[in-house]
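[1] Please work out how this folds:
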Amino acid sequence: MNYLAHLFLAGDDPDEKLGSLIADFTRGRLETLARNYPPGIMRGIAIHRKIDQYTDQHTRVLLSKRRFSDQRRRYAGIIVDVLHDHFLSRHWYRHSDMDRGEFIASAYRLLHRNRHVLPSRMQWIAPLMIDQDWLGSYHYIDRIGEAYDRMSRRLRQPNNLAGAVVEVRKLYPVLERDFEIFFPELRFHVDNLG
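    Okay, here's the model as predicted:
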């Protein structure tokens with residue numbers, strides 16, 4: 001769900017970037033997945049999983065999740081993940097010298113060129129991601145709200161994810177501060193994965 005951050009953290013190798021994108025659409029052990037994907041994509045999937053593990057245990061991320069009301073706490077992980085892409089987009093030039101628009105266009109070209117490699121569910125989602133410019137839309141808080149509402153409709157069980165942007169707006173300054181503390185630490189962690 002935080003596609004922009006995973007792409008950003010994947011480094012420059014196109015296969016690793018692709019792996020970072022498709023990781024949320026894969027299940028199972030890395031050894032099993034390696035039968036279907038080349039080594040570069042597998043590195044991207046492995047890095048994605050390590051990022052998720054680090055993120056899920058990070059003090060600032062846990063604090064961000066606890067800031068949400070009991071009504072939305074169950075979905076706070078989803079809310080924060082997407083919001084991290086928003087903050088990365090808003091503060092892009094603090095973290096990158098590359099033009100944000102060109103970075104996103106490059107990611108879309110990568111998806112399009114490799115559509116035959118994508119897991120089946122992502123083959124369905126990738127054209128939507130490109131046509132609706134999901135990565136670019138993360139820049140705008142209203143579009144983040146639309147993303148929460150879309151995800152709410154896709155979840156099988158009744159949920160309180162729709163309308164989450166109202167709570168995000170109230171908590172915005174503290175959540176932004178949490179991100180600005182967390183993200184440099186995450187980058188350092190990824191740089192030292194080896």
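
[2] In space, what's closest to the residue positioned nearest the centre of the chain - neighbours in sequence excluded?
    Nearest to the mean C-alpha position of the chain, by Cα atoms, centre = their mean, lies residue 2 at 1.1 Å. Closest residue to residue 2 apart from its sequence neighbours, by Cβ to Cβ, 6 or more residues apart in numbering: residue 81 at 4.3 Å. Glycine gets a C-beta too; all of them are placed from N, C-alpha and C.

[3] quick one: low-confidence parts of this protein?
    1, 194 (pLDDT under 70).

[4] Scan it for its longest helix.
    helix 164-191 (DSSP state H).

[5] What residues of that one count as buried?
    Using 16 or more other Cβ atoms under 10 Å as the test for burial, helix 164-191 gives 164-165, 167-168, 171, 175-176, 178-179, 182-183, 186, 190.

[6] Report all helices and strands that it contacts.
    If you count contacts as 3 or more Cβ pairs under 8 Å, 6 or more residues apart in numbering; DSSP states H and E, helix 164-191 packs onto helix 3-9, helix 39-57, helix 59-66, helix 76-90, helix 141-154.

[7] Just give me the neighbour total for residue 124.
    Applying other Cβ atoms under 10 Å, we find 11 residues neighbouring residue 124.

[8] meant to ask about residue 3
    Neighbours of residue 3 (other Cβ under 10 Å): 20.

[9] Redo the helices and strands packed on helix 164-191 as CSV? Include distance to residue 115.
    Shown next, in CSV, are the helices and strands packed on helix 164-191 (distance: least, Cβ to Cβ, whole Å):
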stretch, distance to residue 115
helix 3-9, 16
helix 39-57, 14
helix 59-66, 32
helix 76-90, 22
helix 141-154, 21
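
[10] Go ahead and confirm the residue nearest to residue 2 touches residue 3.
    No. Using Cβ atoms under 8 Å as the test, residue 81 is too far from residue 3 to be in contact (9.5 Å).

[11] any idea how far the spatially most distant residue from the centre of the chain is from residue 63?
    Relative to the centre of the chain, the most outlying C-alpha is that of residue 35, 25.2 Å out, by Cα atoms, centre = their mean. For residue 35, the distance to residue 63 (Cβ to Cβ, to the nearest Å) stands at 40 Å.

[12] If we only consider the buried residues of helix 164-191, which is nearest to residue 133?
    residue 165 (18.2 Å; Cβ to Cβ).

[13] residues in contact with the closest one?
    141, 142, 144, 145, 148 (Cβ atoms under 8 Å, 6 or more residues apart in numbering).

[14] if I pick residue 137, what's in contact with it?
    143, 144, 146, 147.

[15] can we see that at 7 Å?
    Listed by Cβ atoms under 7 Å, 6 or more residues apart in numbering, the contact set of residue 137 reads residue 143.

[16] how near is it to residue 51?
    The separation that residue 137 has from residue 51, given Cβ to Cβ, amounts to 22 Å.
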